[in-house]
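next one to model:
(2 chains)
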Protein chains: 2
Amino acid sequence: MSTTTQYNVIVVGGGLVGSLCALFMAKRGYQVSLYEYREDPRATEFARGRSINLALSNRARRALQEVGIEERILKCGIAMKGRYIHNINGKNKSILYDPRTRQCIYSVSRNYLNQELLQEVERHLNVRTYFNHKLINVDVDQGRLVFLQTKNNTTIETYGDLLIGADGAFSTVRRALQQTPLFNFSQTYIDHGYIEMNINSQSGRAMVPNHLHIWPRGEFMMIALPNLDYSWTVTLFMPFERFKELNSPDKVLDFFKKFFPDSVELLGKRQLVEDFANTKPSPLVSIKCGSYHVGENILIIGDAAHAMVPFYGQGMNAGFEDCLLLDSILEDCNDNFPVALKLFTESRREDAHAICDLAMYNYMEMRDLVTRPSYLIRKKFDDFLFWLLPTTWIPLYNSVTFSEMNYQRCISNRKWQDKV
Amino acid sequence: MSTTTQYNVIVVGGGLVGSLCALFMAKRGYQVSLYEYREDPRATEFARGRSINLALSNRARRALQEVGIEERILKCGIAMKGRYIHNINGKNKSILYDPRTRQCIYSVSRNYLNQELLQEVERHLNVRTYFNHKLINVDVDQGRLVFLQTKNNTTIETYGDLLIGADGAFSTVRRALQQTPLFNFSQTYIDHGYIEMNINSQSGRAMVPNHLHIWPRGEFMMIALPNLDYSWTVTLFMPFERFKELNSPDKVLDFFKKFFPDSVELLGKRQLVEDFANTKPSPLVSIKCGSYHVGENILIIGDAAHAMVPFYGQGMNAGFEDCLLLDSILEDCNDNFPVALKLFTESRREDAHAICDLAMYNYMEMRDLVTRPSYLIRKKFDDFLFWLLPTTWIPLYNSVTFSEMNYQRCISNRKWQDKV
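Numbers count the residues shown, from 1 in each chain, chains lettered A, B, ... in the order given. Reported below is the predicted structural model:
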């Protein structure tokens, strides 16, 4: 293929996966246009919002390394060498991910990571970024995208040699693919939603550092990830039904005093009540697609292709791995897009299904435990962490988190171990 | 609820299930508006098209009886008392559905049935039908529908107290529901497509009457259903890949001579070649939804709610049963729509999933047989019909087809029999 040809690549979505993908494509020498619905995050005040799932593990690190920014990102991340379990009886404990190697995962702010990626993207002269551009129509046959410029309410049309949808779990690009012939698809919401809270810098110093904190409570669970300024981002996962019941300040406080007694002071009573009054719990969805491409030049990656429930901490990691894989496939097949897209689907689909299933399996295991006799649950509470730390699955957790082995192989290895 | 209130009900889709539903709603005394994308079928020449799945069995008959037109419809149907199996070696045989009771299913023309239903609907003064109205937007929160009048390219907006989407497997109403929070959904296409052919009245007299004819060939299969004029509607199910290979008249004829030798003269060589040249095989999809309603007044029924692959002959039957169920629920809860819709989802979902699974199971059983050693396949070919007649499943087939027992109960009964 001639090196004088410059391909036009459109990336839809300027979140984590979209920005990283644009960076990979820019490094390949393509002409890249990156479109994002929201404002430029660098131009806005810090917005609270989605932050679960931001534990960088080896797969994401490997991708960041490839584009040369791993070190810079890790410097602004906080190493978490293990989980810190808050038991309801006050007996807390630290459980290292891997006592032998002391491997870590890294807590990183979604917003910080996104900004760094965008900054890095814009250092490339062959990239243009367009914020406040909402994708409103995808013509799959023509390979045409229509965006609404939300600032002035006008629409623009654009074409590319390659269109990459990295527009998240509720992807507009995927919605168009779903309407094409023979496109297999499923979306599964779970009964749990989540809300996000915060432990401020002052209170946060009282938390044991360098851990992912977990308050496992069977039917529901709370976690906290550290930020650089000693504050912590806290997420409560709970069935929507139970969220609904907490419809008064008293009920909220009673609930926390009963189930998360040691967190009440940390979160702050007033803040807690306010958070519950102002926040609607967000849903959690698992997405599977039979194919990640349609035709010769449209592809979806990241959550758009395989959103998963967050209970294996692999959502972003899998999305970043998509970018790495796409880049290496494009390299191997000399930028032949139709061949590359087919290869991407073929080599990625089973793996992505595998990690979605693992995440869902962890969720169901957690949820179903509560139906067992209570002494057994108590035992589980005391002796194990069965959710983010499915003890029987530790070798699997570690190969998923600390290796770059195919997700599928992680599972089949595990089956082999079971037999032994 | 006051009898002076007249509810406005909008039914989207004037196909079989939509028309029957409108009829039920009209009989309840509601003000009914029936919108259909296509032309009025009574005003157009007979259009060839979808006709698989038009074997009326007990569930559909029960619904037609309830609206008083069962007898009229059956008079124009042809009783099929069994399957007539065309083996590749020419040894054909008749297998009755139920030798003891000689129960029948009825072959009915989709077009005829649709026209009769529409005729019956329009006898009610509280119904208005709108053809050439394409649904282009659904505002779930406002309960508003926007239709494009395809004849003059203008749009109209409409509201109803109850909105029923009976707009088929590719439902526009469902597409809107899919975007609402927590809506679980899956669409699964199978590797097989189908094309439709015809045995004309003259040749058709040579066919053994009053049977559903089947040419089972493992990886693919052909069936024929009788029409009143002695013609037969023939459907070939085959993997898309194999359809693709038949890309010349010679290849088509060779294929038929090899696999369906006794059908070549019946179908007519010239017609056969023409049909293959002019027809693209149609896809087959299985649809499952976690809910059939959203909010307080939007419901989907029939294929829009639970399209299934056609290998159990229950698609239309299940759709008609939906209408019967909805009517009885509305009766029981005094036209309280929010309550009725919730009850409909709760009482219908597991059953609909069950019949979708049965149909898919039959498909997979058929498809997977071909991977077994060939002598075994031959044996199966000779001795059994394993697809539309899964011999081991006859009791199940009969309870699905000749009873109105819940689909779920049919299956659990069967499990019990297996144990014995």
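
C-alpha from now on. contacts and neighbour counts both.
Noted.

quick one, strands of the stretch 201-350 of chain A?
A:211-217, A:220-226, A:232-239, A:282-289, A:293-294, A:298-300 (DSSP state E, counting those that start in this stretch).

of the ones you listed, which is nearest chain B?
In this view, the strands of the stretch 201-350 of chain A are compared for proximity to chain B by C-alpha to the nearest C-alpha, and strand A:282-289 is the closest at 6.9 Å.

pairing partners for that closest one, with directions?
Strands that pair with strand A:282-289, judged by DSSP bridges, come out as strand A:185-199 (antiparallel).

re earlier: export the strands of the stretch 201-350 of chain A to JSON lines and tack on mean pLDDT, distance to A:N137 and mean neighbour count?
Supplementary listing: the strands of the stretch 201-350 of chain A in JSON lines, determined by pLDDT from 0 to 100; distance: least, C-alpha to C-alpha, whole Å; neighbours: other C-alpha atoms under 10 Å in any protein chain shown:
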{"stretch": "strand A:211-217", "mean pLDDT": "90", "distance to A:N137": "41", "mean neighbour count": "24"}
{"stretch": "strand A:220-226", "mean pLDDT": "92", "distance to A:N137": "38", "mean neighbour count": "23"}
{"stretch": "strand A:232-239", "mean pLDDT": "94", "distance to A:N137": "34", "mean neighbour count": "21"}
{"stretch": "strand A:282-289", "mean pLDDT": "95", "distance to A:N137": "20", "mean neighbour count": "22"}
{"stretch": "strand A:293-294", "mean pLDDT": "96", "distance to A:N137": "16", "mean neighbour count": "24"}
{"stretch": "strand A:298-300", "mean pLDDT": "98", "distance to A:N137": "14", "mean neighbour count": "26"}
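
could you dump these into CSV and include distance to B:L113?
Listed next are the strands of the stretch 201-350 of chain A as CSV, based on distance: least, C-alpha to C-alpha, whole Å:
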stretch, distance to B:L113
strand A:211-217, 57
strand A:220-226, 53
strand A:232-239, 47
strand A:282-289, 37
strand A:293-294, 38
strand A:298-300, 42
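
tell me which of those strands sits nearest to B:L74.
With distances scored as C-alpha to C-alpha, the stretch of the strands of the stretch 201-350 of chain A nearest to B:L74 is strand A:282-289 (42.7 Å).

ok, now which ones touch A:A224?
The neighbourhood of A:A224, defined by C-alpha atoms under 8 Å, 6 or more residues apart in numbering or on different chains, consists of A:L212, A:H213, A:I214, A:W232, A:T233, A:V234, A:T235.

which pLDDT value goes with the residue in chain A that chain B sits nearest to?
For chain A and chain B, the shortest gap (C-alpha to the nearest C-alpha) falls at A:S186, measuring 3.9 Å. For A:S186, the pLDDT comes out at 94.

over to A:N198?
If you check A:N198, the pLDDT there is 91.

what's the burial count for it?
Neighbourhood size, A:N198 [other C-alpha atoms under 10 Å in any protein chain shown]: 21.

dig out what it forms beta bridges with.
With DSSP bridges as the criterion, the beta-bridge partners of A:N198 are A:T233.

does it really touch A:N227, like I thought?
No: counting by C-alpha atoms under 8 Å, A:N198 stays clear of A:N227, with 10.2 Å between them.

anything in contact with each of those two?
A:T233.

between the longest helix along chain A and strand A:282-289, how many degrees?
With secondary structure taken from DSSP state H, chain A has its longest helix at helix A:337-369. Direction vectors for helix A:337-369 and strand A:282-289, defined by axes from the mean of the first three to the mean of the last three C-alpha atoms, to 10 degrees, enclose an angle of 130 degrees.

distance between helix A:337-369 and the chain's centre?
13 Å (C-alpha atoms, centre = their mean, to the nearest Å).
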